[in-house]
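S.K.: Output the structure for:
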Amino acid sequence: MKKVSILVVAAALVACTAGDEGDHISGREKVAVMAAADAGDLAAIKRLIAHYEATLGNDVLAERWRERACDLGDAQELYYLAARRFAAAEVEDDAEIRHTLLVDAHDAAKRSHSSQPDHSTQLLVEQIARAVKALEK
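M.R.: Prediction:
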């Protein structure tokens, strides 16, 4: 039984480290992907985000590319940013910081929705707007 457990754990570790092909970028390929991302290629930027998210200790690099994707108007990353800021605002005690987070979240959600209209994004825009209005009362 112990050998079976070890094999299952080993197989799981291999599966987790392998990831999707899009999650791993080889050394040679990384130079080309980075150059394309630096030039504003959104597909390359999203590939770097996936790569850095899939590797331990690279959260700062993933976040850097997330910001770049938001700057380029990527609806998915803007939605993600809005949702994260909204969630942070929900647990923030300081009213001023909470307001700033909500305004940032609302702006990101509106940009996401205008870039790629979607029902769930519209609901997020409305939910954040209600939270901002409630805070301003």
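
S.K.: Tell me which helix or strand comes right after the longest helix seen in the chain.
M.R.: For the chain, the helix that runs over the most residues, judged by DSSP state H, is helix 95-115. Going down the chain from helix 95-115, the next helix or strand is helix 119-136, by DSSP states H and E.

S.K.: about what we covered before: other SSEs contacting the longest helix of the chain?
M.R.: helix 75-91, helix 119-136 (3 or more Cβ pairs under 8 Å, 6 or more residues apart in numbering; DSSP states H and E). C-beta coordinates here come from the backbone N, C-alpha and C atoms, glycine included.

S.K.: could I get the last one in CSV with only the CA atoms?
M.R.: Once side chains and other backbone atoms are set aside, the C-alpha atoms of helix 119-136 remain, and they are given as CSV (Å, rounded to 0.1, in the frame of the first residue of the first chain):
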residue,chain,number,x,y,z
HIS,A,119,-23.5,40.0,-18.5
SER,A,120,-21.4,39.0,-15.6
THR,A,121,-19.2,42.1,-16.0
GLN,A,122,-22.3,44.3,-16.2
LEU,A,123,-23.4,42.7,-12.9
LEU,A,124,-20.0,43.5,-11.3
VAL,A,125,-20.2,47.1,-12.5
GLU,A,126,-23.7,47.4,-10.9
GLN,A,127,-22.6,45.7,-7.7
ILE,A,128,-19.6,48.0,-7.3
ALA,A,129,-21.6,51.1,-8.1
ARG,A,130,-24.1,50.2,-5.3
ALA,A,131,-21.2,49.7,-2.9
VAL,A,132,-19.7,53.1,-3.8
LYS,A,133,-23.1,54.8,-3.5
ALA,A,134,-23.6,53.1,0.0
LEU,A,135,-20.2,54.3,1.1
GLU,A,136,-20.8,57.9,0.0
